[in-house]
Each structure stands twice: as C-alpha cells, then as structure tokens.
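A.B. asks: After the sequence you'll find the predicted model.
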Amino acid sequence: MNVIKNGVVAAAVLMLIASLPVSAQDSSIYVQCPTSTTLHPSDGVRDPAIKCDHLVAGDGMVTMADGYPQYIFSFARVPLPENALVPLEDYPGWVMEQGMLAANAPAPTIVVDEDDELFLSLTNVGMTMRPDLFDPHTVHWHGFPQASPVFDGVPDSSISINMGATLTYYYNAKDAGTYMYHCHVEATEHMQMGMLGNLFVRPRQNRLAAGDLNGFAHTPWDEATQTGNRYAYNDGDGSTAYDVEFPIQIGSFDPDFHDASLNVQPLPFAGMNDRYFLLNGRGYPDTAKAEVMMTDGRESQPVSSLVTAQPGQRILLRISNLNITRFYTLGTNGLPMEVVGLDARLLRDDAGKNMYYKTNSLTLGGGQSADVIITAPDEVGTYFLYTQNLDQLANNNENFGGMMTEIRIAAATTPTP
Ligand SMILES: [Cu+2]
C-alpha cells in the first residue's frame, strides 16, 4: 500500500516539476519581506516589529493514534529566502520540494506581538496525491479585525492562490487574543481535510516598562532570558498573567471523508461523521507525547498537547475549536479553569468589571476560542483535560483514546552545577 502510494507520489512530483519551466518557477514564488514600512520605517535594518513568514498549502499524510495513516490538506512552514539552504536562484524549486506532501495537523502555529506587522506569504504547492485537483487555497484569520478584505482570505472578497502561485498577506496585529486560521476555499471540504491552525496575538502589556499595574508589580517580559511578566490580554491589573502557555486546538476528522478524498470519490457533506477526536491533530495517548510526530519520515503533527507546570504556576490554555461538524466540551476534574477571555476578547463588562468565571467544563462551537488559566496545584501528579462526551474518548474503533491529554504537575528539577 505504502509502496504504491510512494510510487504515485514520486510520479506526481516529477510531473509537477517537469511541467513547470524554470523561469515560471522563479517568477511564481515571490516572498515579500520589506525592511522598512510606513509604520516601522528604518534605514536598512528591519524593525523587529516587522515579521515575515512563509507557508505552503498542499496535502500530506498524518498518523492517527491507532496507527491509521490519514490523508489531509493543510499548511506547512518553509524557510524565508534569507534563511534558505540553497542559493536564491534555486529557492522556488527548493520550496516546491520542501512543501509538497508536507501538510501539518494542525497547521503551523503563528504567534505575533500586538502592533507587529506580519507579511505572511502563502504558496500553493498543489495536491501531490490528487494531481487531478486544481484547488486554490487561502489564509483566513478567523475572528481577526482585518482592515482590508483583500487579505482576509474569504474567496468572495479576496484573492485565492492557485497552484504554483504565491501571495503575501499583510496583517497589522492590533488586537491581542487567541485566534485561529484556516483556508476559506470550499471551506467545508478544506477544513474537514485539515487546513486549520493556531494563531495568537500577544498583548502590548508584555512590553510595558516596569511599574505598578493597579497593585500588580509588573516587569516587562524578556524573551531572551525568559523572565518578566506575560499576560493573555491588556488587563491593566495583571489578572491574566501566566507562567506557561499551551495551545489546545479542538478538532476531529471523519476517516471516510478523508479516504474518499484520497480515492477520488464523491464527498457528501451530509454524511460527515467525525470519529477521530483530536487535540492539536492528535488523539490520546499521542496528545501527551512531547515530541514532534512524524509520518513517512516527515513532520506531520508538530504540536504537542502535553501540559506541564510546576506547583503554583499559572497555566494559560489557549483553547480553540475549528471543527466544522460539532460543539465539543472539554473538562478537568479537580482543577478549576478560570475563563478570562472568550473569542479573542478579555471578559469584562461595559464598566470594566472582570467577568471571569471558574468552571470545570467548557463548551466551544466551531470558530470559538477561550483563554483559560489553571493554577497548578501543590499536589504533584498527572491530571487530565478531556472531552465530557465519553464516547469521544476513542480513536475511531479503538477504545481509550481520543480527545484527552495530560496536565503533568512536577516540582522544578534542580539544575546540575
Ligand atoms: Cu484550501
């Protein structure tokens, strides 16, 4: 089965490369990353607030927790031209080689700071396993106040990227929060197939000079030394401060739909029946593995769902649901979750009063997100974050798996001198 698949893949890769003359490849992958902008002008040295990223959109294989290899569409990150391991003239062909069959579940996590400008280039490398398809793709930042619809990725009002083409999206990250992104082309199909990613905008309060925040002693976060205070939102009082943060993207796949896509069969939306229940593209026990997961020698599921902390630490869970078929409920037993943000907004009323609340279960529909803070208990040990619909603790037909991960509380290890 794998030999046949690899043979088909190799043939398709060769066909795709052979059919593109060198000049067309050179002109098609054009990655914009300016050193100076109106908001962040410079005389040659790029302001750190100008960030650049390069994603490819295509297909690939992932491994479900019961060992099942599943076909997906998604994104993968590739190096910018300045970081490429090949000369610039070889960059386009190299990106195609790197990007084909490289799809990740979830898609690469995008993290920016509030006030950043992000130039995000998207290259459509085509669907290697489906050479009959010529689907375009887009990037849509769900729930993000995108000023210009042309960069919003909604096909009706934006540009969709055809195979072999690249577009650089522009974002001015003006509002902190927990967002998510997905492809918006034929959204039911492309989202079921896996074009889903985590997206976080960190608040400018992290960079505020040291001082008193309404009774909270603030020192700015220093990425190099990993010291200082970090917050989920610009709260003005340190109430969303956290020590460690983890992305938790709720999702699920219908293996029949994915197999039908791989085998060029009709894709009836009405028949969708998701049976792999996932956190960050993995089912338990893979969710609790710290390492990057590989499929056929490639990174396929890079984002672990394992939550680790020391007693007393504040754990920020950035939880989102990008599933297109169901609401999902996540719960913790014995560890209250304090909800401080919903749908990328700090939970405050019009008078500025905190509306935070503590709960043991959280229900999110597709497109919703929540910022949750758990204070790690003094009692060291392993706790669980898991679906409250217990039939979803399964990996398709396999019992004891699915939508669950571990929260491991352990004392700090003393560094060896
Ligand atoms: Cu797409």
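C.D. replies: Received the coordinates, thanks.
A.B. asks: what's across from residue 52 in the sheet?
C.D. replies: Here residue 52 shows beta-bridge partners residue 119, assigned using DSSP bridges.
A.B. asks: And it, how far from residue 29?
C.D. replies: Distance, residue 52 to residue 29, by Cβ to Cβ, to the nearest Å: 14 Å. Bear in mind the C-beta positions are built from the backbone N, C-alpha and C, glycine included.
A.B. asks: and what of residue 175?
C.D. replies: From residue 175 across to residue 29, the span is 31 Å (Cβ to Cβ).
A.B. asks: These two: which has the busier surroundings?
C.D. replies: Set residue 175 next to residue 29 and count neighbours by other Cβ atoms under 10 Å: residue 29 wins out with 23 against 16.
A.B. asks: Go ahead and confirm residue 383 touches residue 337.
C.D. replies: No: if you go by Cβ atoms under 8 Å, residue 383 and residue 337 don't touch, sitting 11.3 Å apart.
A.B. asks: Between those two, which is the more surrounded one?
C.D. replies: residue 337 (23 against 19).
A.B. asks: so that one makes contact with residue 375?
C.D. replies: No: here residue 337 lies out of contact with residue 375, judged by Cβ under 8 Å, at a distance of 9.8 Å.
A.B. asks: which residues does the residue in the chain that the ion sits nearest to contact?
C.D. replies: The minimum distance from the chain to the ion, using Cβ to the ion, falls at residue 183 (3.1 Å). Taking Cβ atoms under 8 Å, 6 or more residues apart in numbering, we find residue 183 in contact with 57, 73, 75, 137-140, 153, 190-191, 195.
A.B. asks: Just give the nearest non-adjacent residue to it, would you?
C.D. replies: residue 195 (3.7 Å; Cβ to Cβ, 6 or more residues apart in numbering).
A.B. asks: Pull the number of nearby residues for the one you found.
C.D. replies: Counted with other Cβ under 10 Å, residues neighbouring residue 195 total 31.
A.B. asks: is it true that it touches residue 56?
C.D. replies: No: between residue 195 and residue 56 there is no contact under Cβ under 8 Å: 11.6 Å.
A.B. asks: who touches both of the two?
C.D. replies: With Cβ under 8 Å, 6+ apart, residue 195 and residue 56 have common neighbours residue 75.
A.B. asks: Name the residues of the stretch 151-300 of the chain found near the ion, please.
C.D. replies: Within reach of the ion by Cβ under 5 Å from the ion, the stretch 151-300 of the chain has these residues: 183, 185, 190, 195.
A.B. asks: Wait, the second one touches residue 139, no?
C.D. replies: Put plainly, it is residue 185. No: between residue 185 and residue 139 there is no contact under Cβ under 8 Å: 10.3 Å.
A.B. asks: quick one, which of those two is more surrounded?
C.D. replies: More neighbours surround residue 139 than the other of residue 185 and residue 139, with 27 against 23 (other Cβ under 10 Å).
A.B. asks: Now do the buried residues in stretch 397-416.
C.D. replies: 401-409 (16 or more other Cβ atoms under 10 Å).
A.B. asks: what's the answer for stretch 148-157, then?
C.D. replies: Buried positions in stretch 148-157, judged by neighbour count with 16+ other Cβ under 10 Å: 151-153, 155.
A.B. asks: now, which of those lie within strands?
C.D. replies: Nothing among the buried residues of stretch 148-157 maps onto strands, per DSSP state E.
A.B. asks: need these in CSV with distance to residue 350, can you?
C.D. replies: Conversion of those to CSV gives the following (distance: Cβ to Cβ, whole Å):
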residue, distance to residue 350
151, 31
152, 28
153, 32
155, 36
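A.B. asks: mind putting those residues in CSV, pLDDT included?
C.D. replies: Converted to CSV, the buried residues of stretch 148-157 look like this (pLDDT from 0 to 100):
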residue, pLDDT
151, 94
152, 94
153, 94
155, 92
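A.B. asks: from those residues, which is closest to residue 353?
C.D. replies: residue 152 (33.0 Å; Cβ to Cβ).
A.B. asks: Pull the contacting residues for residue 390.
C.D. replies: Contacts of residue 390 (Cβ under 8 Å, 6+ apart): none.
A.B. asks: what do you get for residue 179?
C.D. replies: 141-144, 199-201, 320, 344, 369.
A.B. asks: Mind pulling up the pLDDT for the residue nearest to residue 136 when sequence neighbours are not counted?
C.D. replies: Among residues not flanking residue 136 along the chain, residue 160 sits closest, at 3.6 Å (Cβ to Cβ, 6+ apart). At residue 160, the pLDDT value in this model is 95.
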